[in-house]
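Colleague: heads up, no residue letters with this:
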């Protein structure tokens, strides 16, 4: 599957590139742009990032594999992330985790067959005072109860 | 009560309200003075970094070389990944322009032309908020080339928002710089320190978001005013993020040196169900925990907490009630550091995994009291033997949790029994055949 940046995204990359004195520094934002366009980071996408920025492919791969928010496999349309770190755990984070696991029938880093849902047990998301929490893609849902979780997951169509 | 970082003014996060309340006046004032003067003022104010190490901010700025032809940089650390810490997002949300103003003053003081604001990737919503605020600041002429007209000086600087991608280690200053440079977030060996050799090998200063947000208030009201707030050796207000078993968790801005008991019982509304406190971690998960029966008289500032054997860290207070299973908590913390270790240094990469596995063995009921000593031993071998402070951060909770709550952990382990071994010769280890032969 070949991958090419859209013209709109190429303009975005152009703008990002100006923020940094080196091309390599722009790699993180550009990976985000590619991930948004493609859904995940395929080999072709990573090669395209390298060629657009004129950097080595290995630089792209090394960054992609270091950070947890870059995915080299396709994730679900709704990427559900449940925090189970200490502050959330103290307020029932693991119950929420078990509930979400049961409801979606998925485990950590699994994707449903229809690619609608994927599930991840994440480390602290910085919502400790509003625990327990889960995030769907970029949106935070805080101060959760079992009913709220039901409601949130049911609303994801 | 003084509110410096989070003033209780409605819509303070909009440019109009911010300007109506004297916004960007401090920047104007600062730009009319010399940069040495500003550094001196901040130094005298006693402002200490809010990112964990509580290092003097003015002193840090003064390390920047004065006579250099290299470009200088300012990094603002909003990575905020420490479990228990969630204060910076409140600043992005409620007071973005004071942060921008602080960045302008800091850039001017250290002579930087470019500032990078590093925000963790999970905070997409807050990245958008900050980006919107930065765009407005550019539009209104508070950043970029237009600054020269607005402030009537020759100085101008740029502020760029850089989004992380979910690595706890990037909150470490040298790792953060590698991340901005587009590399894996590996911490660098120090020295050289960032002030000599930072971003792209150029002089760089790194400050926490909260530290930078304090700057405009210091310039506005003077160092004397600031140094009189809170504890004399750690002046100012601190954003305390209280989480865990309390009735009103959240972020509270309070003068430093406040009593921990007051913070928990009055500000945060006490423990849920009026239970007793078993354990409090006063500064985010990597700081040594305190026993619930030793909280009387503990003050929340860097020096006072050091005296009682902990540290202020990021001010993320985690409260655990008497029913908390500390083994579960420690397993979770150990898992976190195992997951987040970057893998550069062997003691941290391997040791964090060993600690997690040993703790899990205890959880399964297969631990002996010797395992508790083993854990402390592993922790001691990680601490101080790694490039960055993540090793220490991983070692402290294990070491101090076990030593301070030994009674608690002894409940989970079997007493040590000496198993009679027919032959303890090293070469016999793991071989059953020779042993059976011997027994014959």
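Modeller: Right, received. Where do you want to start? As the structure is a prediction and not an experimental result, all values here were calculated from the model. Numbers count the residues shown, from 1 in each chain, chains lettered A, B, ... in the order given.
Colleague: for the closest residue to residue B:310 other than its chain neighbours, what are its contacts?
Modeller: Spatially, and ignoring its direct neighbours in sequence, residue B:310 is nearest to residue B:288 (4.6 Å; Cβ to Cβ, 6 or more residues apart in numbering or on different chains). C-beta coordinates here come from the backbone N, C-alpha and C atoms, glycine included. By Cβ atoms under 8 Å, 6 or more residues apart in numbering or on different chains, the contact set of residue B:288 is B:309-311, B:396-397, B:399-400, B:404.
Colleague: what about 6 Å?
Modeller: Residue B:288 sits next to B:309-310, B:396, B:400 when contact means Cβ atoms under 6 Å, 6 or more residues apart in numbering or on different chains.
Colleague: Would you list the phi and psi of the residue nearest to residue B:404 when sequence neighbours are not counted?
Modeller: In this structure, residue B:404 finds its nearest non-sequential neighbour in residue B:291, 5.6 Å apart by Cβ to Cβ, 6+ apart. Residue B:291 adopts backbone torsions of phi -70, psi 150, taken as degrees, to the nearest 10.
Colleague: and residue B:291, how many neighbours?
Modeller: Residues near residue B:291, counting by other Cβ atoms under 10 Å in any protein chain shown, number 13.
Colleague: again with residue B:249
Modeller: With other Cβ under 10 Å as criterion, residue B:249 counts 26.
Colleague: ditto for the one 5 residues further on
Modeller: For residue B:254, the count of nearby residues is 19 (other Cβ under 10 Å).
Colleague: quick one: which helix or strand includes it?
Modeller: Element membership for residue B:254, per DSSP states H and E: strand B:250-255.
Colleague: Which strands border that strand, and is each parallel or antiparallel?
Modeller: Counting by DSSP bridges, the strands paired with strand B:250-255 are strand B:237-244 (antiparallel).
Colleague: Nearest residue to residue 62 in space, please, no chain neighbours.
Modeller: Here I'm looking at chain A. Nearest residue to residue A:62, sequence neighbours excluded (Cβ to Cβ, 6+ apart): residue B:184, at 5.4 Å.
Colleague: Hmm, no, I was thinking of chain B.
Modeller: Residue B:62 sits nearest to residue B:39 (Cβ to Cβ, 6+ apart), 5.3 Å away.
Colleague: Specify the local secondary structure of that neighbour.
Modeller: helix (DSSP: H, G, I helix; E, B strand; the rest coil).
Colleague: Contact partners for it?
Modeller: Residue B:39 is in contact with B:58, B:61-62, B:109, counting by Cβ under 6 Å, 6+ apart.
Colleague: That one and chain A: what is the separation?
Modeller: Distance, residue B:39 to chain A, by Cβ to the nearest Cβ, to the nearest Å: 25 Å.
Colleague: near chain B, which residues of chain A?
Modeller: A:19, A:24-25, A:27-28, A:62, A:66-70, A:85-87, A:89-90, A:123-126, A:128-129, A:138 (Cβ under 6 Å from any Cβ of the partner chain).
Colleague: swap the cut-off to 7 Å and go again
Modeller: For chain A, the contact set with chain B under Cβ under 7 Å from any Cβ of the partner chain comprises A:19, A:21-22, A:24-29, A:32, A:62-63, A:66-70, A:85-87, A:89-90, A:123-129, A:131, A:138, A:140.
Colleague: Just the buried subset of those, written out for PyMOL, thanks.
Modeller: In PyMOL syntax, the buried subset of the residues of chain A next to chain B is picked out as below (16 or more other Cβ atoms under 10 Å in any protein chain shown):
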select buried, chain A and resi 19+24+25+26+27+28+29+32+63+66+67+68+69+70+85+86+87+89+90+123+124+125+126+127+128+129+131+140
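Colleague: Let's see which of the contacts of residue B:288 end up in strands.
Modeller: Applying DSSP state E to these, no entry is found in strands.
Colleague: farthest pair in those?
Modeller: The span of these, defined through Cβ to Cβ, is set by B:309 and B:396 at 10.2 Å.
Colleague: Comparing these two, which residue is more hemmed in?
Modeller: More crowded of residue B:309 and residue B:396, by other Cβ under 10 Å: residue B:396, with 23 against 13.
Colleague: wait, that one sits on residue B:283?
Modeller: No. Counting by Cβ atoms under 7 Å, residue B:396 does not reach residue B:283; the two are 10.6 Å apart.
Colleague: Hmm, residue B:80 is touching residue B:120, no?
Modeller: Yes. Look at residue B:80 against residue B:120 with Cβ under 7 Å: they come within range, at 5.9 Å.
Colleague: joint contacts of those two?
Modeller: In terms of Cβ atoms under 7 Å, 6 or more residues apart in numbering or on different chains, residue B:80 and residue B:120 are both contacted by the residues residue A:126.
Colleague: roughly how far apart are the residue nearest to residue A:62 and residue B:4?
Modeller: Using Cβ to Cβ, to the nearest Å, one gets 37 Å for the distance from residue B:184 to residue B:4.
Colleague: Compare these two (neighbour count), which wins?
Modeller: Taking neighbours as other Cβ under 10 Å, residue B:184 and residue B:4 compare with residue B:4 leading, 24 against 20.
Colleague: Surely the more buried one is in a helix?
Modeller: No. Residue B:4: not assigned to a helix; according to three-state DSSP it is coil.
Colleague: does it really touch residue B:217, like I thought?
Modeller: Yes. Counting by Cβ under 7 Å, residue B:4 does reach residue B:217; the two are 4.6 Å apart.
Colleague: Residue B:187 looks like it's in a helix, true?
Modeller: No. Checked against three-state DSSP, residue B:187 lies outside a helix; its state is coil.
Colleague: in terms of contact, does it touch residue B:176 like I think?
Modeller: No. The pair residue B:187 / residue B:176 is not scored as a contact, 9.1 Å apart, by Cβ under 7 Å.
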